[in-house]
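Enquirer: okay, sequence plus prediction incoming.
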Amino acid sequence: MGRYILRRLLISIPLLVVISFLTFILINLSPHDPAELVLQAQEVPVITEELLSQTREELGLDQPFIVQYIEWAASCLQLDFGDSYVTGQPVWSILGPAFLNTLKLTLVSVAVIILLSIALGVICALQEGKLVDKSVRGFSFFLTSMPSYWLAALMIWYFSVKLDLLPTSGMNSLASYVLPVIVIAISYAGIYFRFVRSAIISNLNEDYVLYGRACGLPEKKITGKILKNSLQVAVSVFCMAVPIILGSTVVVENVFAWPGLGSLSIKSILSRDFPMIQAYVLVLAVAFVLFNTLSDIINAVINPKLRKDL
Amino acid sequence: MSMLRNIWKDKLAAISLSILAIVLTAGIFAPLFAPHDPNEVNMKLRYAASSWEYLLGNDHLGRCILSRLIYGIRPSVLWVLAALAGSVMLGTVVGFLAGFFRGKVDAVLMRVCDVMLSFPGYVMTLAIVGIMGVGLENILAAFILTKWAWFARVIRTSVLQYAESEYVRFAKAAGAGSFHIIRRHIIPVTASDVAVVSSSSFGSMILQISGFSFLGLGVQAPTAEWGMMLNEARAVMFSRPELMLAPGLTIIIVVSAINFLSDALQAALDPKLRTSTSKAAEQTSAAPAKQLLGKEVA
Amino acid sequence: MNILDVKNLKIWDGSTGRTIVPDSSFKLKQGSCLAIVGESGSGKSVTCRSIMRLNKGSIRQSGDILFQGENLSLLSEKEMRRKRGKNLCMILQNGMRAFDPSSKLGVHLKETLDQHFNWSKQAFTDHMAKAMESVKLSNPVELLNKYPHELSGGMLQRVMIALAIALEPDIIIADEPTTALDTISQFEVVEQFIRLREVMGCSMIFISHDLGVVRKIADDVLVMKDGEIVERGTTQAIFTEAQHEYTRYLVSSKLALSQHFENVMGGMALADR
């Protein structure tokens, strides 16, 4: 087991290197000269050739490409992603707190999604083909077809403005979580609940269920086995939900003015703050790889069948 | 064709298909269908309620909402469809090469896919837009770049499955060329799998592109686009919430139609999926998390 | 004396209204083995599951199933559950799928035996080990700590037989127990079934479409086609003087196969295995 975990972790290292390299060259693909952008962002009135080369030197842009990458990667490992073109502050001092805020929102949302999709998945699977199942599925279809920002706007309009129950935006109290979490959960629970449902249904038709019943095991035990086997598959899926949602709260965060990565990334894109964009992409891609690795490991731990190939 | 007939029997799917056909036609021939010029400003009609002349009323600049919705089909649906076609094509080519030639080709291409798939789709799109600049064409380019790897994976699995089938082996043994086998024997059977994966992505892509426009990263004013219209409506959300209705509902109807159709497509293919070898079934169940990677909602 | 008496069993699909078995009656004599043969889809498995009252969701059944004079159709679900395993024991076709894939084998066996007996842990291990050794599974304690996927289909099939031995049921219902196995495992498993009957003297319903196996193991045969019993009789009679055309077809195709086999093997093959 330990060997598998170690091997799985080692496999992810080259992937991380490739990802960081891609993130690094992203900036070089830009049609703009970074030095010029820095000066523009700092609102320097007249940009001279001399000023440009001086800035290039400051940014280390005059060095060979590979040296630039190694230096950049080394400092990234110490969470030093350079300074923002716009404010001049270290990127991590802005990105770090934003990442934490988005992580909080994501974790709460994922928890709600897990509870909701397991509850609905179990109910619908046990009632397969009946009215409850059909209506929940139909409704979930409808909900996943809804633009989340639209739903968010409607909710703000109704709950915050008309009823004045919840804050419209920001992240000031626990109440601030309610609307964004509902919106995210509604958009995603539909997908995950279908997954849980079909996992349970396919388990219901397995021979081990028939054999368990034929051996006279009580229904409670059999349901337990079905849940264990189908949720096993679901665990890794839920694990992957964290980085997926982490990377796609952009729209919801913007509607609710949540001080997280989503709001920050849009602001940085519109102001062409390249180090910020670069760090944002890198942080999320790394999170993605790490969660992917984690989900594989969890999968192997709980699924004896996969453990065989270790 | 028999698949199409099966789908037609399903009422919900038939309705969805009709809705999509109407939307696509209206989008292609927008000038014929739209009652007014979508960009014609008429300050006298600001926020006018619906009337016989302006069926869905007018927006904050007095423009005809119905006409803007119809013209909005082009960027919101037609261009997305084009981007989808582009990435499916790219993915199909890669998937075929990997699945058919196996060995080193497969290993290299799949590693590339792994790298592509390790960037969350949203983040990649934001990165590309961030670097290349704001605009519809950059988002579409980002879509093609980010989605192809996902299609390549799915198509590779499906090709692998069919490449092992008896008749393909027979064709190989009979000395048919690779290209001939791919064209005559594998493309026809994998086409249905391609249809299922691409249709299930279509809906989420429409939601995403409208989301990016809503954030101001996509289509720029005054071009009519659904997300953009919602963005404009959001500014007056508290005083005139009704402006959010028409574009929002349009998106919901179109995306629902696509999702229902995709579901029907999958159901129509299900019997075939069931008879596929248990080995293939195990492969897919081993990587369920990866299956859901393609599912990102706006 | 009949241990099982099935009268006017009707089975249909409640959701589509399709009849699967229109009207079926048969008897199982105490200590004998009844084989039910027929193609897949002929209603053999559904019939057996109906005896256990284990058909899936929408499948409905009516008729009387008298087990030792007691009508199973009238029992409550709780009473019926007590009969399953203890009195009526089932052995499934695919051993690979019959056990919970995420638990060790011992878990299912222990749960089942705990359900019906009040054994200590030691007694459980002793009984199970003895049963497993009797079906030629060596190292039983080690096997109990393995996951189903770590064993072969034939071994799992024998684990099911071992569980049946430990449960000492009155009737064993074996649903195509040899179909999913390769020839050698098939031979071993059939051998175990024959021994099972010799040692325990329990009654058995043996579903199969393999007439070779049926001829070795069964006393009586039912032939099913499209849900109806088209022929019944002793094994001897079925193989020599079949009345129904379908039975004759089955027997002749079996003969043709084994003749072909003998030809291929140059007449060296053991006749009629």
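Expert: Yep, it's here.

Enquirer: going forward, measure contacts and count neighbours with C-alpha atoms only.
Expert: Fine.

Enquirer: near chain B, which residues of the stretch 51-200 of chain A are found?
Expert: For the stretch 51-200 of chain A, the contact set with chain B under Cα under 8 Å from any Cα of the partner chain comprises A:141-142, A:144-150, A:153, A:157, A:161, A:187-188, A:191.

Enquirer: could you pull up the contacting residues of residue B:81?
Expert: Residues near residue B:81 by Cα atoms under 8 Å, 6 or more residues apart in numbering or on different chains: residue B:202.

Enquirer: could you list every helix and strand in contact with the strand or helix carrying residue B:153?
Expert: Using DSSP states H and E, the element containing residue B:153 is helix B:136-163. Applying 3 or more Cα pairs under 8 Å, 6 or more residues apart in numbering or on different chains; DSSP states H and E, we find helix B:136-163 packed against helix B:79-101, helix B:103-117, helix B:121-132, helix B:187-214.

Enquirer: just put those helices in JSON lines and tack on mean pLDDT.
Expert: As requested, those are arranged in JSON lines below (pLDDT from 0 to 100):
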{"stretch": "helix B:79-101", "mean pLDDT": "89"}
{"stretch": "helix B:103-117", "mean pLDDT": "86"}
{"stretch": "helix B:121-132", "mean pLDDT": "85"}
{"stretch": "helix B:187-214", "mean pLDDT": "85"}
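
Enquirer: just name the most buried of those.
Expert: Mean neighbour count (mean count of other Cα atoms under 10 Å in any protein chain shown) peaks for helix B:121-132 among the helices and strands packed on helix B:136-163, with a mean of 24.

Enquirer: what about it, distance to the chain center?
Expert: 18 Å (Cα atoms, centre = their mean, to the nearest Å).

Enquirer: so is that helix next to chain A?
Expert: Yes. Helix B:121-132 comes into contact with chain A (Cα under 8 Å from any Cα), by way of B:122, B:123, B:124, B:126, B:127, B:128, B:129, B:130, B:131, B:132.

Enquirer: contact partners for the fifth one?
Expert: So the one you mean is residue B:127. Residue B:127 is in contact with A:277, A:278, A:281, counting by Cα under 8 Å, 6+ apart.

Enquirer: same deal with the last one?
Expert: For residue B:132, the contact set (Cα under 8 Å, 6+ apart) comprises A:30, A:31, B:138.

Enquirer: residues touching the residue lying closest to the first one once chain neighbours are set aside, list them.
Expert: Nearest residue to residue A:30, sequence neighbours excluded (Cα to Cα, 6 or more residues apart in numbering or on different chains): residue B:131, at 5.3 Å. Going by Cα under 8 Å, 6+ apart, residue B:131 touches A:26, A:27, A:29, A:30, A:269, A:272, A:274.

Enquirer: and what of residue A:72?
Expert: For residue A:72, the residues meeting the contact criterion (Cα under 8 Å, 6+ apart) are residue A:81.

Enquirer: surely it is within a helix?
Expert: Yes. Under DSSP: H, G, I helix; E, B strand; the rest coil, residue A:72 sits within a helix.

Enquirer: around chain A, pick out the residues from the stretch 1-150 of chain B.
Expert: So far as Cα under 8 Å from any Cα goes, the stretch 1-150 of chain B lies against chain A at B:115, B:118-120, B:122-124, B:126-134.

Enquirer: can you name the two of those that are farthest apart?
Expert: For the residues of the stretch 1-150 of chain B next to chain A, with distances taken as Cα to Cα, the pair at the greatest spread is B:115 and B:134 (24.8 Å).

Enquirer: quick one, helices of chain A?
Expert: For chain A, applying DSSP state H gives helices covering A:2-28, A:34-41, A:49-59, A:65-77, A:91-126, A:131-144, A:148-155, A:174-204, A:207-214, A:219-248, A:250-256, A:261-270, A:274-302, A:304-307.

Enquirer: the host helix or strand of residue C:172 - contacts with which helices or strands?
Expert: Here residue C:172 sits within strand C:171-175, counting by DSSP H and E. Contacts defined by 3+ Cα pairs under 8 Å, 6+ apart place strand C:171-175 against helix C:44-52, strand C:88-91, strand C:203-208.

Enquirer: tell me what the next helix or strand after the last one is packed against?
Expert: Moving toward the C-terminus from strand C:203-208, the first helix or strand encountered (DSSP H and E) is helix C:211-217. Where contact means 3+ Cα pairs under 8 Å, 6+ apart, helix C:211-217 is packed against strand C:33-37, helix C:183-200, helix C:245-264.

Enquirer: try it again at 10 Å.
Expert: Packed against helix C:211-217, as judged by 3 or more Cα pairs under 10 Å, 6 or more residues apart in numbering or on different chains; DSSP states H and E, are the following elements: strand C:33-37, helix C:183-200, strand C:203-208, strand C:220-225, helix C:235-240, helix C:245-264.

Enquirer: residue B:35 is nearest to which of the ones you listed?
Expert: That would be strand C:220-225 among those, by Cα to Cα, at 66.9 Å.

Enquirer: list the strands paired with the closest one, with their directions.
Expert: Counting by DSSP bridges, the strands paired with strand C:220-225 are strand C:33-37 (parallel), strand C:228-234 (antiparallel).

Enquirer: related to what we said a few turns ago, what angle separates the strand holding residue C:172 from helix C:44-52?
Expert: Here strand C:171-175 runs at an angle of 150 degrees relative to helix C:44-52 (axes from the mean of the first three to the mean of the last three Cα atoms, to 10 degrees).

Enquirer: quick one, strand C:171-175 and helix A:207-214 angle?
Expert: Calculated by the same axes, to 10 degrees, strand C:171-175 forms an angle of 170 degrees with helix A:207-214.

Enquirer: note down every partner strand of strand C:171-175 and its orientation.
Expert: Looking at strand C:171-175 with DSSP bridges, its partner strands are strand C:88-91 (parallel), strand C:203-208 (parallel).

Enquirer: what's downstream of the shortest one, the next helix or strand?
Expert: Stepping forward along the backbone from strand C:88-91, the first helix or strand reached (DSSP H and E) is helix C:95-98.

Enquirer: state the pLDDT value of residue 243.
Expert: I'll assume chain A. Looking at residue A:243, its pLDDT is 88.

Enquirer: other chain: chain C
Expert: pLDDT, residue C:243: 80.

Enquirer: next, it: phi, psi?
Expert: Backbone torsions for residue C:243, taken as degrees, to the nearest 10, come to phi -90, psi -40.

Enquirer: what sits opposite residue C:173 in the beta ladder?
Expert: Beta-bridge pairing for residue C:173 (DSSP bridges): residue C:90, residue C:205.

Enquirer: again, but for residue C:5
Expert: residue C:27, residue C:66.

Enquirer: circling back: include distance to chain B, neighbour count and pLDDT when you put the contacts of residue B:127 into a markdown table, please.
Expert: Shown next, in a markdown table, are the contacts of residue B:127 (distance: Cα to the nearest Cα, whole Å; neighbours: other Cα atoms under 10 Å in any protein chain shown; pLDDT from 0 to 100):
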| residue | distance to chain B | neighbour count | pLDDT |
| --- | --- | --- | --- |
| A:277 | 7 | 29 | 89 |
| A:278 | 8 | 24 | 89 |
| A:281 | 6 | 27 | 90 |
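
Enquirer: I am finished for the moment; much appreciated.
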